[in-house]
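> Build me a model from this:
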Amino acid sequence: MCDMQPSPNVRVRINLARIKQNLQHVKIQTGVPVYAVVKADAYGLGAVKVAEAIKDITDGFCVFRLKEAIDAQLWQRTKKRVIALGPPEARLDPIPYIEQGVTPAVTTVEQAKALRAAKPILCVDTGMQRFACPPEQVAEVLSAGDIHEAFTHGTRIEHVEKLKKSVGRSDVKLHAAASALLHEPAAYLDAVRPGAALYDGAVHVSTRLAEVHESIGPAGYSGFVAPRHGVILAGYSNGLRKGVCSINGKTRNILEVGMQSAFVEIDECDKVGDEVVLLGESNPETLIAEQWPCSSQEVLVTLASSGVRVYES
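Residues are numbered from 1 along each chain as shown. Below is the predicted model:
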């Protein structure tokens, strides 16, 4: 597949007020510091706009790597702490982290020693088995970097318990709860890191019917059969896949996806210019994820990046 490109015919409406509301809810629900995850350009919603909207509410931000924080100028725009959750930069130079207000995540003694001046955080392996410190090496790495904070990429409550057991020190702050664990009060620990939970219901992706047709026999590349079909100007080069959409309040199917256009199911009431909702209240990312199939996060990142962004306060 070619690199995904935003379509000028797709409108991505982002509700910043909803994101702020979601964040406030997490803060009240958990009662601990909240680090908003804005990696991957805030899941495709735009890290700069999202960060500026929530900077007075969040306690800090999470990105995957240092460059994301630099590109969005998170420290300069917000003066809030930023944690880089992924592997540190290859040069292991603490200066860029210090200058950008970014806390690097480390997993080895070498990394901890080299980045000690940047006051690193330790990523502990509790089952994910990727860029994380094995439990048996935790004490050594904590000591090497004079580290007083640790986290894990946890998805289950047993990951939380393993983090606590692996660290075993009361002077080390811990966090494990991303969006998947926000329903577990025992996972809140000293901080939480919501990502997808911040963007729930905040994105509306739509396009318009460019053509409508009474189908005459098999249609499209695949020869699909439908009584009527419409054409939209978005395709797999824009990240679209077969699944559900919504037209005039009714759930419809995307029948076939081409490079820059797609066929959709319509009825006699649908006409050229009608809105086709690719992601919205009636067809949220959880529903689309079942049909693609993939995670709801992948749906959000893909469709939020599929067109022209429009922000609502």
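
> okay, CA-based contacts and neighbour counts for the rest of this
Will do.

> contacting residues around stretch 152-163?
Residues from elsewhere that reach stretch 152-163 (CA atoms under 8 Å, 6 or more residues apart in numbering): 123-128, 132, 151, 174-178, 180-181, 184, 186-187.

> what comes up buried for it?
152-157, 159-160, 162-163 (16 or more other CA atoms under 10 Å).

> Using PDB, write out every CA atom in that stretch.
The C-alpha atoms that make up stretch 152-163 are tabulated as PDB, following Å, rounded to 0.1, in the frame of the first residue of the first chain:
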ATOM      1  CA  THR A 152       5.200   0.000  32.700                       C
ATOM      2  CA  HIS A 153       3.100  -0.400  29.500                       C
ATOM      3  CA  GLY A 154       0.400  -2.300  31.300                       C
ATOM      4  CA  THR A 155      -2.900  -3.600  30.000                       C
ATOM      5  CA  ARG A 156      -4.000  -5.800  32.900                       C
ATOM      6  CA  ILE A 157      -4.000  -5.500  36.600                       C
ATOM      7  CA  GLU A 158      -1.400  -8.200  37.000                       C
ATOM      8  CA  HIS A 159       1.000  -5.900  35.200                       C
ATOM      9  CA  VAL A 160       0.500  -3.300  37.900                       C
ATOM     10  CA  GLU A 161       1.200  -5.800  40.600                       C
ATOM     11  CA  LYS A 162       4.400  -7.000  38.800                       C
ATOM     12  CA  LEU A 163       5.600  -3.400  38.500                       C
END
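
> Distance of the closest residue to residue 32 other than its chain neighbours relative to residue 246?
In this structure, residue 32 finds its nearest non-sequential neighbour in residue 191, 5.2 Å apart by CA to CA, 6 or more residues apart in numbering. Applying CA to CA, to the nearest Å, the value for residue 191 to residue 246 is 38 Å.

> same question, residue 117
From residue 117 to residue 246 the distance is 53 Å (CA to CA).

> out of the two, which sits in the busier spot?
Legend: neighbour count by other CA atoms under 10 Å for residue 117 and residue 246, higher for residue 246 (23 against 15).

> The more buried one: which element?
For residue 246, the host element (DSSP states H and E) is strand 244-247.

> Neighbouring strands - and their directions - for that strand?
strand 250-257 (antiparallel), strand 275-279 (antiparallel) (DSSP bridges).

> Switch those over to TSV; also include mean pLDDT.
Shown next, in TSV, are these (pLDDT from 0 to 100):
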stretch	mean pLDDT
strand 250-257	96
strand 275-279	98
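
> Just name the most buried of those strands.
strand 275-279 (a mean of 23; mean count of other CA atoms under 10 Å).

> From the chain's centroid, how far away is that strand?
Offset of strand 275-279 from its chain centre (CA atoms, centre = their mean, to the nearest Å): 20 Å.

> per-domain residue ranges of the protein.
16-199, 203-312 (automatic domain parsing).

> Out of the ones you listed, which gets nearest to residue 5?
domain 203-312 (5.0 Å; CA to CA).

> that's a helix at residue 41, yeah?
Yes. Counting by DSSP: H, G, I helix; E, B strand; the rest coil, residue 41 falls inside a helix.

> now it: how far from residue 69?
According to CA to CA, residue 41 stands 10 Å off from residue 69.

> Same drill for these two, tell me which one is more crowded.
Neighbour comparison, residue 41 and residue 69: the larger count goes to residue 69, with 27 against 20 (by other CA under 10 Å).

> Sort out for me which of the contacts of stretch 152-163 are in strands.
123, 151, 174-175 (DSSP state E).
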